[in-house]
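1. What shape does this take:
(2 chains)
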Amino acid sequence: AQSVTQPDIHITVSEGASLELRCNYSYGATPYLFWYVQSPGQGLQLLLKYFSGDTLVQGIKGFEAEFKRSQSSFNLRKPSVHWSDAAEYFCAVGPNTGNQFYFGTGTSLTVIP
Amino acid sequence: DVKVTQSSRYLVKRTGEKVFLECVQDMDHENMFWYRQDPGLGLRLIYFSYDVKMKEKGDIPEGYSVSREKKERFSLILESASTNQTSMYLCASSLGGHTDTQYFGPGTRLTVL
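-> Coordinates of the predicted model:
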């Protein structure tokens, strides 16, 4: 069965510092991978997605993620965090058949001045 | 821009009441989804619909039903609300296919007393 693990429940970083949020998936074939962000009081917004091709994916708001098949990972990175990046981040996997997505439990990001 | 709207941001109901949560999308999307979001559990799929009058159970359909009479509208029904259904409910839609981005509404925070 497909599953997504986000090992870090909560991360705190200083503004301007780099950020890496971890995501590991379990799926038999090549999955379709997504990162979403949920700002306080808002719905989820897509940051980026990976289907195939270049394993380094660029997204909105300066985020990028790298697909590493050998590690079953799809970690999200940002070189310099802004206070407005404080939010909850969800990794998700979609199978190559069917319509169901599986979401991780989320990582809450706090940014300190 | 895709817009997904949900009928209420906050809702308070009593145990045993019948509850309707409405979701409307304005982009002629084929697929619509209902999730519940709970701390530490992430998003869990309740039901999804890939066409009018068509529905599929997700991971946690017990205690819920859905209705999709028109393409743009997807309703979640709690036949007899219980306190363990207190949660944030998120609606999403996608154009079609497993690789398509899901667009989320702002959510309805339901409290069952």
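2. In contact with residue 64, which residues?
-> Defaulting to chain A. Contacts of A:E64 were listed using CB atoms under 8 Å, 6 or more residues apart in numbering or on different chains, and they are A:48, A:56-58, A:76-78. For glycine as for every other residue, the C-beta is placed from the backbone atoms N, C-alpha and C.
3. Hmm, no, I was thinking of chain B.
-> By CB under 8 Å, 6+ apart, B:Y64 lies in contact with B:34, B:46-47, B:76-78.
4. Distance check, it against chain A.
-> 16 Å (CB to the nearest CB, to the nearest Å).
5. Any chance of the backbone angles for the nearest residue to A:L48 once chain neighbours are set aside?
-> Among residues not flanking A:L48 along the chain, A:G59 sits closest, at 2.8 Å (CB to CB, 6 or more residues apart in numbering or on different chains). When read as degrees, to the nearest 10, the backbone of A:G59 gives phi -130, psi -160.
6. same deal with the one 10 residues further on?
-> Note on A:R69: backbone dihedrals following degrees, to the nearest 10 are phi -60, psi -40.
7. Per-residue pLDDT of the most centrally placed residue in chain B, please?
-> In chain B, the residue lying closest to the centroid (CA atoms, centre = their mean) is B:W34, at 2.8 Å. pLDDT recorded at B:W34 is 96.
8. quick one: it from chain A, how far?
-> 12 Å.
9. B:D38 now?
-> 9 Å.
10. hang on, isn't that residue packed against B:Y89?
-> No: using CB atoms under 8 Å, B:D38 makes no contact with B:Y89, being 10.4 Å away.
11. So which of these two has more stuff around it?
-> B:Y89 (24 against 12; other CB atoms under 10 Å in any protein chain shown).
12. Skipping adjacent residues, who's closest to B:C91 in space?
-> That would be B:C23: by CB to CB, 6+ apart, it lies 3.4 Å from B:C91.
13. Assumed that neighbour was part of a strand.
-> Yes: applying DSSP: H, G, I helix; E, B strand; the rest coil, one finds B:C23 inside a strand.
14. Look at it and report its pLDDT.
-> pLDDT, read off for B:C23, is 97.
15. Now do the contacts for it.
-> Listed by CB under 8 Å, 6+ apart, the contact set of B:C23 reads B:4-7, B:32, B:34, B:73-76, B:91, B:93, B:105.
16. A:T55 now?
-> A:66-69.
17. follow-up on the earlier one: save the contacts of B:C23 as CSV, and put in secondary structure too.
-> Shown next, in CSV, are these (three-state DSSP):
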residue, secondary structure
B:V4, strand
B:T5, strand
B:Q6, strand
B:S7, coil
B:M32, strand
B:W34, strand
B:R73, strand
B:F74, strand
B:S75, strand
B:L76, strand
B:C91, strand
B:S93, strand
B:G105, coil
